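Asks: got a sequence here, can you build the structure:
(2 chains)
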Amino acid sequence: MNEFVTLMKSELVITVIIFLLLFIKLGSGMKNGMLLLVIQNLLLLNLVIGFFFNAEGNLFDGMFHTTALIAFQKSILNLGVYLISLLFAGWYMKSEHLAEFFILLLSALLGLDLLISSGNFLIFFLSLELATIPLAAMANFDLEKKISSEAAMKMILSSAFSSGILLFGISLVYGATGTISFAALPVLLDGSPLQIMAFVFLITAFAFKLSIVPFHLWTADVYEGSPIATTSFLSVISKGAIAFVFVSVLYKAFQPMHEVWHNMVMMLSIITMIIGNLFALRQQNIKRFLAFSSIAQVGFILVGITGNSIDGISSVVYFILIYVFSNLAAFGVAAAISSQTGKEKIDDYKGLYKTNPWLSWVMALALFSLAGIPPTAGFFGKLFLLTAGAANDNYGFILIAALNLIVSLYYYLRVIRSIFMDKNEQPVEKINIHPSTKFALIICAAGIILVGLMSWIYDYIHTLG
Amino acid sequence: MMQPGLYHILFISTALFFIGVFGFLTRKNLITILMSVELILNSVNLNFIAFNKYLWPEKLDGLFFTIFIIAIAAAEAAVAIAIIINLYRSHHSIDVDNAEELKY
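Replies: So this is what the prediction gives:
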C-alpha cells in the first residue's frame, strides 16, 4: 500500500486536484478570480510535491513503472501546466466554465503522466486515449466560435483514426510475439516482416500524435481554431510527453530493431524539418506560424532520437525543458495581445516595440530561443540534439539539419523585424498585462536565459538517463 | 463442416481495416466518417480475438485488450458526437465540405 502511494504519487495528486475542483464546482458559486487563484496554488503544490518522495519501482506486474528520469519528466510537465494556468489569466477570467476547463486539462495531464510511466501496451493505449479525448473537448471550448468547433472536429477525427492505426499495430505485435509488455518485447523481436509491418503502423500513430510530416495536416488547423490555452497545452505539454514516450519505446522496447527504425526516423526527420520550415515561411497568422515552427522543432527532436544512445535521451529531455519555456513565452505574448485586441496577424505586430517594449523583448527572447541563437537556452538544446544525432557518423544528415536551422532563422527574424523595425501608423495599443501573466512571462524569460547557462542541469539529466 | 482458420479471420479483419481507412478518407458526412473509425476498431478486435484463439490460447491479454477497446470506442464516439452536434449548431450542416474556415 505504501509503495503504491509513493510510486503513483504524481497521478494520485492530480486525481485529488480533479476531485477537489469537481466539488468546488458543485458546491459554491466561486468567482473566477478566486477560483483561478485556488487552481494556480494547487498546481504549484503539485509541482513542488513532484520534487519530493521520489521512488523507483514497478507496480501491477510491470504495467506501471517509474524511475528518477520519469519523475523528472513529470516535473517538466507539471511546470508547464503551472505556467499555462498563470499565462492565460486574461482568457480564463472571461471564461464561463473555468473549473470544467481545468478538470479536462488535468485529466489530459493525468493521461500523459500515466503514458510516460506505462510499461505495457494496454496501459499505454488507455492513457493515450485519456490524454487525447479531453483535449478534443478543450479544443471546442470557445463554443460560440465556428473555427473552434471545426478545430475540435478535426482533432477528434484524426486522433480517433490514429488510435485505430496504433491499435492495428499493437494487435500485429501481439500476434507476432504473444506479449504486450514492453519489458518482454525485446527478447522476442527478431525483425521478421510481420514485426516490421506492425512497427510501421506504430510509428505512423506516433507520427500523427507528434505531427511528424506526412501526418501533420491536422496540426495547423487545430492550433489556429482552438482557444490559445488549449493550443499551448497541445503544442508543449502533450507533444513533450509523447516525445518522451516515443524515445523510451524506441530505445527500450524496439531496441533489437534499431537498424530498421534508425532509417525511418531519419527520413521522417528530414522531411519534417524541410516541410515545417517551408510552410512556416508563408504564414500570416501568429498561431499558425507557431504551429509550423513547432512541426519543424519536432524534426530537430527526431535528429536527437536517431542518436540511439544515452545522449539521445538526455538531449531530448533537455530540449523539451527549454521548449516549454520558449514556446510558452511566445504563446503567452500572443495571447495577451489577442485577448485584448483580437489581433493575431503577424502584420499587426508591426511597431509593437513603440507601445509595448516589455512584451516585445519577451517575444524576441522566445523567438531567439526557438531559432537557436547563442546566448539563449535554445542554442544549447539544438547543439546537444545535433551532437547526439552525429554520434552515428551520418554527417550528411546533420548538415541538412544545420541548413534547416539557417532557413528557420529567416522566419523567426521576420517576426522580430516587424516588432522592432517596421513602421506602422496604428500599432497595437498599450496592453494591460494581468499580474499573473506578467509573473509567468518573467519565469519563462528567466528560464530561457538561465537553463542554457547552468550546465549542471544537462549533467543532472545525463546522470538520470 | 470446415472450421475457419486463422488466415480466414485475418483476411476479414484486414479487409475491414482497409474498408474503414477508405471510408475515412473518402466520405463527406461526419457520422459516416465516425462509422469508418468504428470499422477500424472492430477489425482490431477481430485481430486480437483471432490471435488469442489460434496462436496464444493460454494467454488472456488479447481478450482483455478487446474489452478495453470496446469501452474506449464508446467514450470516443460520445465526445465525437457531442462535437459534431456543436458543429451542426454553428454550421447547420455535418458535411466536411462546409467546415472550411481553416485553410492553409
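Asks: residues contacting the nearest residue to A:Ala220 once chain neighbours are set aside?
Replies: With CB to CB, 6 or more residues apart in numbering or on different chains as the criterion, A:Ala220 has its nearest non-adjacent residue at 4.3 Å, and that residue is A:Ala291. From N, CA and C alone the C-beta is placed, and that goes for glycine too. By CB atoms under 8 Å, 6 or more residues apart in numbering or on different chains, the contact list for A:Ala291 reads A:219-220, A:223-224, A:231, A:235.
Asks: which intervals of chain B have sub-threshold pLDDT?
Replies: Within chain B, the ranges that satisfy pLDDT under 70 run B:1, B:103-104.
Asks: what is the nearest of the contacts of A:Ala291 to A:Leu278?
Replies: A:Ala220 (12.9 Å; CB to CB).
Asks: state the helix or strand in which the closest one lies.
Replies: Using DSSP states H and E, A:Ala220 sits within helix A:217-225.
Asks: packing partners for that helix?
Replies: helix A:146-177, helix A:286-305 (3 or more CB pairs under 8 Å, 6 or more residues apart in numbering or on different chains; DSSP states H and E).
Asks: compute the inter-axis angle for the longest one and helix A:217-225.
Replies: The one in question is helix A:146-177. Between helix A:146-177 and helix A:217-225, the angle comes out at 150 degrees (axes from the mean of the first three to the mean of the last three CA atoms, to 10 degrees).
Asks: tell me the first helix or strand C-terminal of helix A:146-177.
Replies: Helix A:146-177 is succeeded, C-terminally, by helix A:185-188 (DSSP H and E).
Asks: the shortest one too?
Replies: Next in sequence after helix A:286-305, counting helices and strands by DSSP H and E, comes helix A:310-341.
Asks: quick one: list the elements packing against the helix or strand where A:Ile70 lies.
Replies: For A:Ile70, the enclosing helix or strand under DSSP H and E is helix A:68-87. Contacts defined by 3+ CB pairs under 8 Å, 6+ apart place helix A:68-87 against helix A:9-27, helix A:32-49, helix A:98-117, helix A:228-232, helix A:239-248, helix A:310-341, helix A:435-453, helix A:456-464.
Asks: in what helix or strand does the spatially most central residue of chain B lie?
Replies: Using CA atoms, centre = their mean, the residue of chain B that lies closest to the mean C-alpha position is B:Glu38, 2.5 Å off. For B:Glu38, the host element (DSSP H and E) is helix B:30-54.
Asks: could I get the buried residue list for that helix?
Replies: For helix B:30-54, a neighbour-count test (16 or more other CB atoms under 10 Å in any protein chain shown) marks B:30, B:33-34, B:36-52 as buried.
Asks: so which of these also contact chain A?
Replies: When CB under 8 Å from any CB of the partner chain is applied, the members of the buried residues of helix B:30-54 adjacent to chain A are B:30, B:33-34, B:37, B:40-41, B:43-44, B:47-48, B:51.
Asks: counting neighbours, what do you get for the nearest residue to A:Leu114 once chain neighbours are set aside?
Replies: Leaving aside its sequence neighbours, A:Leu114 sits nearest to A:Ser127 (CB to CB, 6+ apart; 3.6 Å). A:Ser127: 23 surrounding residues under other CB atoms under 10 Å in any protein chain shown.
Asks: for A:Ser127, which three-state class applies?
Replies: helix (DSSP: H, G, I helix; E, B strand; the rest coil).
Asks: go ahead and confirm it touches A:Ser107.
Replies: No: the criterion here is CB atoms under 8 Å, and A:Ser127 misses it with A:Ser107 at 10.8 Å.
Asks: near chain A, which residues of chain B are found?
Replies: Counting by CB under 8 Å from any CB, chain B sits next to chain A at B:17, B:20, B:24, B:30, B:33-34, B:37, B:40-41, B:43-44, B:47-48, B:51, B:55-56, B:59, B:61-62, B:64-65, B:68-69, B:72, B:75-76, B:79-80, B:82-84, B:86-87, B:89-91, B:99, B:101-103.
Asks: so which of those belong to strands?
Replies: In strands, judged by DSSP state E, none of the residues of chain B next to chain A are found.
Asks: where does chain A dip in pLDDT?
Replies: In chain A, residues with pLDDT under 70: A:1.
Asks: if I look at A:Pro134, how far off is chain B?
Replies: 8 Å (CB to the nearest CB, to the nearest Å).
Asks: and that residue, how many neighbours?
Replies: Using other CB under 10 Å, A:Pro134 has 22 other residues around it.
Asks: in three-state terms, label A:Asn58 for me.
Replies: strand.
Asks: for it, which non-adjacent residue is closest in space?
Replies: A:His65 (4.6 Å).
Asks: A:Ala151 too?
Replies: A:Gly225 (2.7 Å).
Asks: check contacts around that neighbour.
Replies: By CB under 8 Å, 6+ apart, A:Gly225 lies in contact with A:139, A:145, A:147-148, A:150-152, A:154, B:101-102.
Asks: for ChimeraX, write the selection for the buried entries among the residues you listed.
Replies: In ChimeraX, a selection of the buried entries from the contacts of A:Gly225 looks like this (16+ other CB under 10 Å):
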select /A:139,145,147,148,150,151,152,154 /B:101,102
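Asks: angle of the helix holding A:Ala220 against helix A:286-305?
Replies: Helix A:217-225 and helix A:286-305 are oriented at 140 degrees to each other (the same axes, to 10 degrees).
Asks: list the buried residues for helix A:217-225?
Replies: Under 16+ other CB under 10 Å, the buried positions of helix A:217-225 are A:218-225.
Asks: now stretch A:435-444
Replies: Buried-residue list, stretch A:435-444, by 16+ other CB under 10 Å: A:436-441, A:443-444.
Asks: from those residues, pick the one nearest chain B.
Replies: Taking CB to the nearest CB as the measure, chain B lies nearest A:Thr437 of the buried residues of stretch A:435-444, at 26.5 Å.
Asks: related to what we said a few turns ago, make CSV from the contacts of A:Gly225 and add distance to A:Leu352 to it.
Replies: Shown next, in CSV, are the contacts of A:Gly225 (distance: CB to CB, whole Å):
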residue, distance to A:Leu352
A:Ala139, 28
A:Lys145, 25
A:Ile147, 24
A:Ser148, 26
A:Glu150, 29
A:Ala151, 26
A:Ala152, 31
A:Lys154, 31
B:Glu101, 26
B:Leu102, 25
